[in-house]
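S.K.: got a predicted structure here, sequence first:
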Amino acid sequence: MTQTTPPDAFYDILRGVAALTGNPIVGDLARLVAEEMPAELWIAFNHKQIGSKRWLVDALAQVLPRPQGPVWVLGAWYGVLGAMLLGDERLAIGEVVSLDLDPACAPVAERLNRRHLAAGRFRALTGDMMALDLARQQPAPGLVINTSCEHLPDVPGWLARLPAGLPVLLQSNDYVREPDHLSCVASLDAFTAQARLSEVWFAGELATRNYTRFMLIGRR
Ligand SMILES: C[S@@+](CC[C@H](N)C(=O)[O-])C[C@H]1O[C@@H](n2cnc3c(N)ncnc32)[C@H](O)[C@@H]1O
């Protein structure tokens, strides 16, 4: 028997999960879904995407829990990572700035992070990170996160534009089958060589069924 899902069903389930877990991000997601289901939200919230960002937040809590300035998340998609960074009690982050090339992302990111937006702790911008001049930002960024390195045409060229010594957290992967992936790396060593950080505080890999994700934290 085929059954259609009533429009309110996802909202009701998510509100139930928010009540069950006490996780406010699930409550924020419920409100977002009640208003509109953005294309690809189901991918941005799938278990692999959340797992890789949990891994990121756990590593950051170990090596840089108190960045000295706003955290810029580049290629930030729907702002899921911003919500996780601002919601984690182990981290002391005053503000997250979330930037993506796709103009459809910022309105969704702001709605997902509406509590933090209202508190002045979250901003979403539309722009090309390859053209971004972070040296001109006031206050100066305390950390730049890019979990979309595989999407860039020139990772070393982008890194060269960042202020020397700036703390960075980078993720890439070896998922070459995805047509939007322009700069995949075959291994953690290859990613380390591509990034050429002046200091490395964390280097690790996370295997999933179809690909391996790599992460570096350190200074540009
Ligand atoms: C598929 S998503 C995120 C993938 C990433 N591995 C993650 O989990 O965070 C990649 C995002 O990078 C954005 N993007 C690609 N090139 C960009 C650029 N030059 N500047 C800003 N955002 C960019 C895309 O618009 C897209 O929203």
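M.R.: Noted; the coordinates are in hand.
S.K.: rest of the way, CA atoms for contacts and neighbours
M.R.: Fine.
S.K.: could I get the top helix by length along the chain in CSV with only the CA atoms?
M.R.: Using DSSP state H to define each element, the chain has its longest helix at helix 47-63. Taking C-alpha atoms only, helix 47-63 is exported to CSV below (Å, rounded to 0.1, in the frame of the first residue of the first chain):
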residue,chain,number,x,y,z
HIS,A,47,24.6,10.8,9.1
LYS,A,48,27.8,11.1,7.2
GLN,A,49,27.7,14.9,7.0
ILE,A,50,26.8,15.2,10.6
GLY,A,51,29.4,12.5,11.6
SER,A,52,32.2,14.4,9.8
LYS,A,53,31.2,17.7,11.5
ARG,A,54,31.0,15.9,14.9
TRP,A,55,34.5,14.7,14.3
LEU,A,56,35.5,18.3,13.5
VAL,A,57,34.0,19.8,16.6
ASP,A,58,35.5,17.1,18.8
ALA,A,59,39.0,17.8,17.4
LEU,A,60,38.6,21.5,17.7
ALA,A,61,37.5,21.1,21.4
GLN,A,62,40.9,19.4,21.9
VAL,A,63,43.3,21.7,20.0
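S.K.: which strands or helices does the next helix-or-strand element following it pack on?
M.R.: Following the chain from helix 47-63 toward its C-terminal end, the next helix or strand by DSSP states H and E is strand 71-74. Using 3 or more CA pairs under 8 Å, 6 or more residues apart in numbering; DSSP states H and E as the contact criterion, the elements in contact with strand 71-74 are strand 96-100, strand 143-146.
S.K.: the ligand is nearest to which of those?
M.R.: Minimum separation from the ligand across these (CA to the nearest ligand atom) falls at strand 96-100, 3.8 Å.
S.K.: close to the ligand: what parts of this structure are there?
M.R.: The interface of the chain toward the ligand, taken as CA under 6 Å from any ligand atom, is made up of 49, 74-75, 77, 100-102, 127-130, 147-148, 151-152.
S.K.: can you tell me the SS state at the residue nearest in space to the middle of the chain?
M.R.: A centroid search over the chain (CA atoms, centre = their mean) returns Leu81, at 3.9 Å, as the residue closest to the centre. Applying DSSP: H, G, I helix; E, B strand; the rest coil to Leu81 yields a three-state assignment of helix.
S.K.: all good on my end, thank you.
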